[in-house]
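J.: sequence and predicted structure below; questions after.
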Amino acid sequence: MTVTIFLGLGSNIGHRIKYIQEACRALEQTVGSTVLQSSYYQTGAWGLEDQADFINQVIQMQTSLSPQELLKCCQQIEKSLGRIKNEVWGPRCIDIDLLIYGNEQFKSTELQIPHPQLAFRNFVLIPLCEIAKNWIHPVSNQSFEVLLDQCKDTLDVRKLVINESLNP
C-alpha cells in the first residue's frame with residue numbers, strides 16, 4: 001500500500017539549493033517516487049531569526065514506508081549530507097520535515113503528523129499551495145489554501161527563479 005506524503009525541505013548553510021537537490025535524489029532512492037515539487041522559496045529564518053535566510057521547497061511523494069520508517073530515512077539523509085543538530089531552529093545544511101502522511105494523524109515522542117507547526121508557517125504553506133492547494137489538512141479539515149489565508153506569519157517568503165542549468 002502506498003500513501004501520499006508531503007515533505008518540507010530547507011537549507012541555510014552552504015550551497016542551499018544543492019543540498020535540497022541532493023536530499024531529493026536520496027529521498028527518491030529510499031522513500032518512494034516524487035509526484036510534485038514546488039518552486040524554491042527564500043525565507044527569513046523562523047524561530048531563531050539571527051541567521052542566514054533559508055531556501056525551502058515542498059515535495060509530494062508516494063511511499064510504502066510507515067511514518068517511523070520514513071522519519072528514520074529522513075534523519076539518515078540529513079546526517080549523510082552533513083547535518084549536525086546543535087540547537088533548536090539553528091542553522092542547518094539540510095532539514096527534512098514530514099508534513100503530511102496521507103490523511104493520518106500520528107503522535108509519538110519522536111514524531112507528530114501532521115506537522116504541528118504546518119498551519120503557522122508561510123514558508124511551508126506557500127509551497128504547499130503551489131502544488132496542492134486543495135489538499136485537506138487532516139486535523140483542521142481545511143484546505144492548504146484556506147490555512148494560508150488564515151496564517152498570521154509575517155516572514156517574507158519569496159519565490160526564486162532558478163536557471164536549472166546553473167545548478168547541477
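T.: Cool, the structure landed.

J.: what about the strands in the chain?
T.: Under the criterion DSSP state E, the chain contains strands at 3-11, 32-37, 41-43, 54-63, 95-101, 106-107, 112-113, 157-159.

J.: quick one: closest of those strands to Ile126.
T.: strand 157-159 (5.0 Å; CB to CB). For the C-beta atoms, the positions are set from N, CA and C on the backbone; glycine is no exception.

J.: gap between that closest one and the chain center?
T.: 15 Å (CA atoms, centre = their mean, to the nearest Å).

J.: which positions in it come out as buried?
T.: Val157 (16 or more other CB atoms under 10 Å).

J.: for it, packing partners?
T.: Strand 157-159 sits against strand 41-43, helix 122-132, with contacts defined as 3 or more CB pairs under 8 Å, 6 or more residues apart in numbering; DSSP states H and E.

J.: contacts for that strand?
T.: Ser39, Tyr40, Tyr41, Gln42, Thr43, Asn56, Asn122, Phe123, Ile126 (CB atoms under 8 Å, 6 or more residues apart in numbering).

J.: least trustworthy position among those, going by pLDDT?
T.: Minimum pLDDT across the contacts of strand 157-159 is recorded for Thr43, with 91.

J.: skip the chain neighbours and tell me the closest residue to that residue.
T.: Spatial nearest neighbour of Thr43, excluding adjacent residues (CB to CB, 6 or more residues apart in numbering): Phe123 at 4.0 Å.

J.: nearest residue to Phe106 in space, please, no chain neighbours.
T.: Ile113 (4.2 Å).

J.: tell me how far that neighbour lies from Leu81.
T.: 23 Å (CB to CB, to the nearest Å).

J.: between the two, which has more neighbouring residues?
T.: The neighbour comparison of Ile113 against Leu81 (other CB atoms under 10 Å) goes to Ile113, with 22 against 19.
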